[in-house]
Each structure stands twice: as structure tokens, then as C-alpha cells.
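Asker: Pasted the sequence and its predicted model underneath.
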Amino acid sequence: LGRKLNAALSSLNRAPVVDEKVLDATLKEITAALLESDVNVKLVASLRQKVKAKVKAALDGSDKSKDSNRKSLIQKAVFDELVHLVDPGIEPYKPKKGQPNVIMAVGLQGNGKTTTCTKLAVYYQKRGFKSCIVCADTFRAGAFDQTRQSATKAKVAYFGSYTETDPVVIAAQGVVKFKKERFDVIIVDTSGRHKQESELFQEMVQISAAVKPNMTVLVLDASIGQAAEAQSRAFKESADFGAIIVTKMDGHAKGGGAISAVAATKTPIIFLGVGEHLYDLDRFSPQPFISKLLGLGDMQGLMEHMQDLATQNPDKQKEMAKKLEEGKLSIRDWREQIQNVMNMSVSDLPGLLISTKFRFFLRGPISKIASMIPGLPQELLAGSDEEGSLRMKRMIYITDSMSAKELDSDGSLFLETGKDGKPVGLTWRVTRVAKGSGTSVREVEELLCQYRMMAQMAKQAGGKNGWLQAMQKMQ
Ligand code: GDP
Ligand code: MG
């Protein structure tokens, strides 16, 4: 979808004059892309009309010299209307500390409820909420085993039963138990059915009445297509959910169905499932999502992450930027930047370094981050995200074996220099570091080489990469 929308907007950009014909052609392409991605037909028609209405007035003006304005007007109108599609303007529930927050997950079988429950527990646990899972699925054989296994892997508490057959009883028992034990986030996983059945909806009503959730989440498979509207409406009636999580966004699914569900039920999406692993859960917010979809880049999201880093340690980051511009970044500083990227990917962009499939949403996310982090070489991140992640880890091992003096140096300690000051070989330090870190002389040499290249490039580029300016704007 993103690629097609992007193509539509770039052909708009190439058009020499912007008139009604060009507008129509652009809208036609956008409409086709949306329909092909299973966005509800009525929604698409209404989007088309709204964009047209917004832009038409400007097109009627006689001043043909304002084509670039018109282009951005069209782009902005398309952008705003797309955001509008995934933003019902309602704030979802946010768990609060110091009280039990009961979250109930509902949805058809196979949509990813159980997986998502574990991901959610991990997500909140990481943010300091004592989290747990109650398995109230007595319909699917082996459901409790699945919960037990994934909760154990995720190191979160769980509750369920092999003998009790009434899901309402289990749900109630589990929630009472965990409330007593002062858990902050109690996630109730429910059973699904292959189809929408009244029996399932009755069960949801009963469990909901028994556990009184603070938030009910509808878990939707991204590939649901045009059925999304009916399905989400049906669930809304029985289990009045206040949030949607769309799973399997990493696959080939078109995702448009999920967008329709938001519109049909006026309920916000809070997370996207982007893989099968524990960390493959992304926070969702409308504007960045649409920017990514349109290929406008994920700069906003990235800036937020950078801002997080900057606010955590503003002086440090400014100092780094300054050192970099002056060509004074030590190996220790460089190492810290690499660690920043590693930390960021784990805590803020889960799945970034873990899931290769993630590229669907963030095009080349790591290389973008790399280009924004002073002193991070692009080649470090070449290849798959896993390879990049592994390479960064090895760099950390290597620098772990350096002495304080070496870390604070510009790397020249490692080089034997000739009379003219040019490097002629490596010193004994290289061998020592290689041995100490369990790597090879070649690897250490490579790291030093990358560091030197980075230092040289940084000095030449000065503040041109905008890092310092960007930092200053954030303050
Ligand atoms: P439930 O029946 O709704 O509880 O669904 P499950 O949690 O058991 O998930 C069904 C299947 O979907 C499992 O094989 C999961 O690994 C897979 N799954 C769930 N979420 C995602 C996701 O975000 N991405 C991918 N690729 N697979 C997922
Ligand atoms: Mg399940």
C-alpha cells in the first residue's frame, strides 16, 4: 500500500502543471491503492470526496504559478484524510501505576490474542508494571499450555486451569488472585471461535461482567480484509472494546481491513503486532503511521526517539555533537553512541534489530538512525538487522577489552607510525585486545579502521549532517 500511495504522490510531484485533471489522476491512483489494500469501499469514496472538496477551491484560482503550493495542498489533504481514517480522536485507556489495571483481549481464533497478551505483558513489565496473564480460553485444546509456555519464556506470572471448564470461573479466579497479589497489569486472554458465533459473544459478555476490565482490546488479524467491518461491529456489541491491536502487520497482509475496523467502531488502534517474537509489538500513532505509509519517512518517530535520548542526557548529547564536529570523538564516545543505538532498538523500537520483516514499515530504519547518530558508520549496519546487531555487539566486546587510556584516545595508540607520522603497522595493544575480547586481530583492526574513517568523515562534514542543529531545536 505504502509503495503505491507513494508512487501516486510522486507522479503528482512530477506533473508540470497541477490542474483538475492531475488531481483526478492522483486521486484515482490513491483510491485504487486503498481499495486494493481492502480499505472499506465507502471510506475510500468519502476520502476521495473530501480531498477533492478541500483542494478544488485552490485549483479554481487562476494563478498557475502556484503549482508547487497546489502540490503540497493536495499532499497535505491526502495526508490529513488518511490520518483521519486511522484516528477516531479518542484517547485509549492508559494503565496507571499503584492500582490493578485489567485488560481483556477478545477476537476470533488465530488472530493472535495469546501471542499479543504475552507481548503486552512484556511491554508493560518493561515499563515497571508488575504484569501477569490469565488464560480464560477453555475452548481451544492446549490453550493453557500455550500461555504457560509463552509466559514462562517472557518471565511473567500466569494463571489458568487444566480441569476447570468454565472460562468465566477461571477469569474471575485469576483476576481476584492477581489483584490480591498486587499486580498492576492483569491481562485476560479469552477464547475465540473460527466464526462469529452467538455462543462466543455470550461468553465475552459474561467474562467481561465477571472481571470488569478497565480496557477491552479487540485483536484483529491484518489480513481480515473487507470482513473487518462486520466482525468488529459484532464484537463491539458484546464486548465493548476500547482499543484495537492489529497483528501480523509484518506479513503480506494488506492491512486496509484493520483501518476499516477503526472507522466502523470509532475505536483507536494502540499497537501493531509485527512478528511472532515477544518484542514484535509497536506502539501505534496515526500520524507517524501514515507518514511511513506514504514513504514520507519516519523522521517524526525518529526525532521522538532522539528526543528521548536527548532529554535523558541532554548535556552529554550536545557534548558528543560538539566533539564530533571538532573531530575529537574518542573511542569511548563512539562506543557510547553505538550503545545508544542498541539500547534504543531494544527499549523504544522493539523488534527493530530483531525482526527483519520490520522493514515493511520503516524503510531502512537502522540506517536512518545511524545517519542521525554522530559517529555511527553506515557499514556497521549493512546486511540484515540481525547481522548489524551482532556486529554492534562484537564491537562492544572489543572495546570492553580496551584500557581506560585506550578508550579515551583517538586510536593512535594502536598504530605504529613511521617517521613521516603515517601509520606503518599495529602495536602490541591490538593483539592484546583481540585476545582479551575473544575476537581476531583482523576484527580489531577493522574496528579501528572504521573508527578512524568515521572520525575523518565527521571532521570534514562538520555540522552538515544537521545533528547539532537538530539537537538545538529539541532543547
Ligand atoms: P489466538 O488464537 O488469537 O490466541 O492466536 P495466537 O496468539 O495463538 O496466534 C496465532 C498464530 O499467529 C500463531 O502462530 C502466532 O505466532 C501468530 N502471530 C500472532 N501475532 C503475530 C504477528 O504479529 N506476526 C506474525 N507473523 N505472526 C503472529
Ligand atoms: Mg489463544
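Answerer: Looks like it arrived, so ask away. Ligands and ions are numbered 1, 2, ... in the order given.
Asker: which non-adjacent residue is nearest residue 332?
Answerer: residue 407 (3.9 Å; CB to CB, 6 or more residues apart in numbering). (C-beta placed from N, C-alpha, C; glycine too.)
Asker: From ligand 2, how far out is the closest residue to residue 43 other than its chain neighbours?
Answerer: When the adjacent residues along the chain are set aside, residue 43 lies closest to residue 263, with 5.5 Å between them (CB to CB, 6+ apart). Distance of residue 263 to ligand 2, computed by CB to the ion, to the nearest Å: 27 Å.
Asker: do residue 179 as well
Answerer: Distance from residue 179 to ligand 2, counting by CB to the ion: 23 Å.
Asker: Tell me if the helix or strand hosting residue 261 is near ligand 1.
Answerer: For residue 261, the host element (DSSP states H and E) is helix 256-265. No: if you take CB under 6 Å from any ligand atom as the test, helix 256-265 misses ligand 1, and the best it gets is 11.8 Å.
Asker: Could you pull out the strands in the chain for me?
Answerer: In order along the chain, the chain carries the following strands (DSSP state E): 101-106, 131-136, 157-159, 185-190, 215-221, 243-247, 269-273, 281-283, 415-417, 423-426.
Asker: now the angle between strand 269-273 and the helix holding residue 261, please.
Answerer: On the basis of axes from the mean of the first three to the mean of the last three CA atoms, to 10 degrees, helix 256-265 is oriented at 160 degrees to strand 269-273.
Asker: Just the angle for helix 256-265 relative to strand 215-221, thanks.
Answerer: For helix 256-265 against strand 215-221, the angle by the same axes, to 10 degrees is 150 degrees.
Asker: same for helix 256-265, what does it pack against?
Answerer: When contacts are defined as 3 or more CB pairs under 8 Å, 6 or more residues apart in numbering; DSSP states H and E, helix 256-265 packs onto helix 41-60, helix 67-86, strand 215-221, helix 228-238, strand 243-247.
Asker: And the residue in the chain positioned nearest to ligand 2, how far from ligand 1?
Answerer: Across the chain, the shortest distance to ligand 2 (CB to the ion) belongs to residue 114, at 3.3 Å. According to CB to the nearest ligand atom, to the nearest Å, residue 114 and ligand 1 sit 3 Å apart.
Asker: ok, now residue 104?
Answerer: 13 Å.
Asker: Then residue 441?
Answerer: For residue 441, the distance to ligand 1 - CB to the nearest ligand atom - is 41 Å.
Asker: okay, which residue of this protein is out on the far edge from center?
Answerer: residue 419 (52.4 Å; CA atoms, centre = their mean).
Asker: Now do it against residue 429, distance only.
Answerer: Taking CB to CB, to the nearest Å as the measure, residue 419 falls 21 Å from residue 429.
Asker: Residue 18 too?
Answerer: Taken as CB to CB, the span from residue 18 to residue 429 is 63 Å.
Asker: okay, how far is it across stretch 415-431, tip to tip?
Answerer: End-to-end distance for stretch 415-431: 12 Å, by CA to CA, to the nearest Å.
Asker: Residue 153 and residue 278 touch, don't they?
Answerer: Yes: if you go by CB atoms under 8 Å, residue 153 and residue 278 touch, sitting 7.1 Å apart.
Asker: thinking again about what came up before, and the residue of the chain closest to ligand 2, what does it touch?
Answerer: Neighbour list for residue 114: 135, 137, 143, 146, 147, 150, 189 [criterion: CB atoms under 8 Å, 6 or more residues apart in numbering].
Asker: low-confidence ranges in the stretch 301-450 of the chain?
Answerer: Under the criterion pLDDT under 70, the flagged ranges of the stretch 301-450 of the chain are 301-318, 320-325, 327, 340-389.
Asker: what does this structure put close to ligand 1?
Answerer: Residues of the chain lying near ligand 1 (CB under 6 Å from any ligand atom): 107, 109-115, 192, 247-248, 250-251, 273-276, 280.
Asker: Can you pick out the ones from those residues that are in helices?
Answerer: Members of those lying in helices (criterion: DSSP state H): 113, 114, 115.
Asker: and those residues as TSV, adding pLDDT?
Answerer: Compiled in TSV, these are given as follows (pLDDT from 0 to 100):
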residue	pLDDT
113	97
114	97
115	97
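Asker: Please tabulate those in CSV, including the columns distance to residue 441.
Answerer: Output for those, formatted as CSV (distance: CB to CB, whole Å):
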residue, distance to residue 441
113, 52
114, 49
115, 44
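Asker: so how far is residue 117 from the spatially most central residue of the chain?
Answerer: Geometric centre of the chain, nearest residue: residue 282, 3.9 Å, by CA atoms, centre = their mean. As judged by CB to CB, residue 282 and residue 117 stand 16 Å apart.
Asker: Pretty sure residue 90 sits against residue 268.
Answerer: Yes: contact criterion CB under 8 Å: residue 90 and residue 268 qualify, at 5.5 Å.
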